[in-house]
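Peer 1: What shape does this take:
(chains A and B)
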Amino acid sequence: MDAFEELYHRYKRHIYTFCLKLTGDRFLAEDATHDTFLKMHHSIATLSDVRLFSSWLFTIARNGVFKTLRRHQRNGSLDEESIWTDETPLTIAADGETATIITSCIDSMKPEYKEVLLLREYEQRSYEEIAVITGNTESSVKSRLFKARKALAEKLKPYFKD
Amino acid sequence: MTHTEHQQRISSYIDNALSDKESAEIFAHLAGCDECRTFMKISMRVQSHITGEELAEFPSSLDRRVLGSLAREAAEVKRSSRSTPVWFTRVSIPLPAAASILFLIIVGSLLFSPVLAGDRQQRTDIPAELISKIPSALQMPF
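Peer 2: Prediction:
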């Protein structure tokens, strides 16, 4: 097994899961994962610092997903300030259990809010790494994380009454 | 400080981005604030929900697709590097060197040209007495 294949097998599930959660669509996630590893193969020589490899790989995946989403016009709402897509989380998960409701709410968030939550909570990335991956500043990452949490808390409040 | 400002700090606390002093201040506020306590409770529940999720099952068809594309690409690169004939290979020579080589070729071909060599021989073969017979007006300088 060559070095590329080893990297591929090490990161493929993380990249696929990230793409799947961002797109919410298996086929789009497969396309994005495929393109990510092909681009990694083409551009690996441009990586200046090997310690940044995984952030670099997530950046490729993230940019690919957003490009695909723009192409498929999945962003939905044109309202930049909105945190949610057009779907209403509480109607999707009206009778579900808490876990299902949380999943529905996260799935219904706009990708730019979902990505910071996923990178922070799921991939355990630092603010600095998330800023590199998303092409934003650390303060913007912090602010977006807070907005995502605040919006989720508002949506989920009825399910967390003591 | 407003609830929003407290909640921004709670968000940082969840990310382990607060000092001990700042954390203590947050807990002091939480003791008397239902709204911020609810925000923290829900945010931590969301965090544990996301961190507890498994990685998605990777489709085996995607393995074949990715590795197949890469193998095809590698084969293409190999084929294109093999199929370039030597005479199509670009050779880069600095301009002064190229000019010198061209100059040497031209001078060499003139020096060793059989036409010129023969010409020189013929001229030397002309007897001096014949030259003297040619009217001076017709004599061409050599």
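Peer 1: in the host helix or strand of A:Ala29, what's buried?
Peer 2: In the assignment (DSSP states H and E), A:Ala29 maps to helix A:26-43. Using 16 or more other C-beta atoms under 10 Å in any protein chain shown as the test for burial, helix A:26-43 gives A:28-38, A:40-41. Every C-beta, even on glycine, is put in place using the N, C-alpha and C of the backbone.
Peer 1: Could you list the low-pLDDT ranges of the chain?
Peer 2: Assuming you mean chain A. Residue ranges of chain A with pLDDT under 70: A:1, A:73-82, A:86-96, A:162.
Peer 1: wrong one, I was asking about chain B
Peer 2: Chain B contains residues with pLDDT under 70 at B:82-92, B:113-142.
Peer 1: residues in it within reach of chain A, list them.
Peer 2: Those residues of chain B that sit near chain A, judged by C-beta under 8 Å from any C-beta of the partner chain, are B:4, B:7-8, B:11-12, B:14-15, B:17, B:38-39, B:41-43, B:45-47, B:49-51, B:53, B:55-56, B:58-59, B:62-63, B:65-67, B:69-70, B:73.
Peer 1: Got a PyMOL select line for the buried ones in those residues?
Peer 2: In PyMOL syntax, the buried subset of those is picked out as below (16+ other C-beta under 10 Å):
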select buried, chain B and resi 7+8+11+12+14+15+38+39+41+42+43+45+46+47+49+50+53+56+58+62+65+66+70
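Peer 1: In three-state terms, label B:Leu55 for me.
Peer 2: coil (DSSP: H, G, I helix; E, B strand; the rest coil).
Peer 1: Let me see the contact set for A:Lys157.
Peer 2: B:Thr38, B:Ile42 (C-beta atoms under 8 Å, 6 or more residues apart in numbering or on different chains).
Peer 1: ok so, going back, also compute the angle for the helix or strand following the helix holding A:Ala29 relative to helix A:26-43, please.
Peer 2: Proceeding N to C from helix A:26-43, the next assigned helix or strand is helix A:53-71, under DSSP H and E. On the basis of axes from the mean of the first three to the mean of the last three C-alpha atoms, to 10 degrees, helix A:53-71 is oriented at 130 degrees to helix A:26-43.
Peer 1: Helix A:53-71 and chain B in contact?
Peer 2: No. Shown here: helix A:53-71 not in contact with chain B (C-beta under 8 Å from any C-beta), separated by at least 12.8 Å.
Peer 1: one step back: so which elements touch the helix holding A:Ala29?
Peer 2: Packing partners of helix A:26-43 (3 or more C-beta pairs under 8 Å, 6 or more residues apart in numbering or on different chains; DSSP states H and E): helix A:3-23, helix A:53-71, helix B:60-82.
Peer 1: May I see the buried residues of the second one?
Peer 2: Neighbour counts using 16+ other C-beta under 10 Å place A:54-66, A:68-69 of helix A:53-71 among the buried residues.
Peer 1: same question, the first one
Peer 2: The neighbour-count check on helix A:3-23 (16+ other C-beta under 10 Å) flags A:7-8, A:11-12, A:14-23 as buried.
Peer 1: and which of the residues you listed is nearest to chain B?
Peer 2: Nearest to chain B among the buried residues of helix A:3-23, counting by C-beta to the nearest C-beta, is A:Thr17 at 4.3 Å.
Peer 1: Next, the contact list for A:Ser43, please.
Peer 2: Counting by C-beta under 8 Å, 6+ apart, A:Ser43 touches A:Ile60.
Peer 1: SS state for the spatially most central residue of chain A?
Peer 2: Centroid check for chain A by C-alpha atoms, centre = their mean gives A:Glu115 as the closest residue, at 3.0 Å. Look at A:Glu115: counting by three-state DSSP, its state is helix.
Peer 1: tell me the contacts of the residue nearest to A:Ile106 when sequence neighbours are not counted?
Peer 2: The shortest distance from A:Ile106 to any non-neighbouring residue, by C-beta to C-beta, 6 or more residues apart in numbering or on different chains, is to A:Lys114 (6.3 Å). Counting by C-beta under 8 Å, 6+ apart, A:Lys114 touches A:Lys21, A:Leu22, A:Ile106, A:Asp107, A:Ala148.
Peer 1: same thing but 7 Å
Peer 2: Going by C-beta atoms under 7 Å, 6 or more residues apart in numbering or on different chains, A:Lys114 touches A:Lys21, A:Leu22, A:Ile106.
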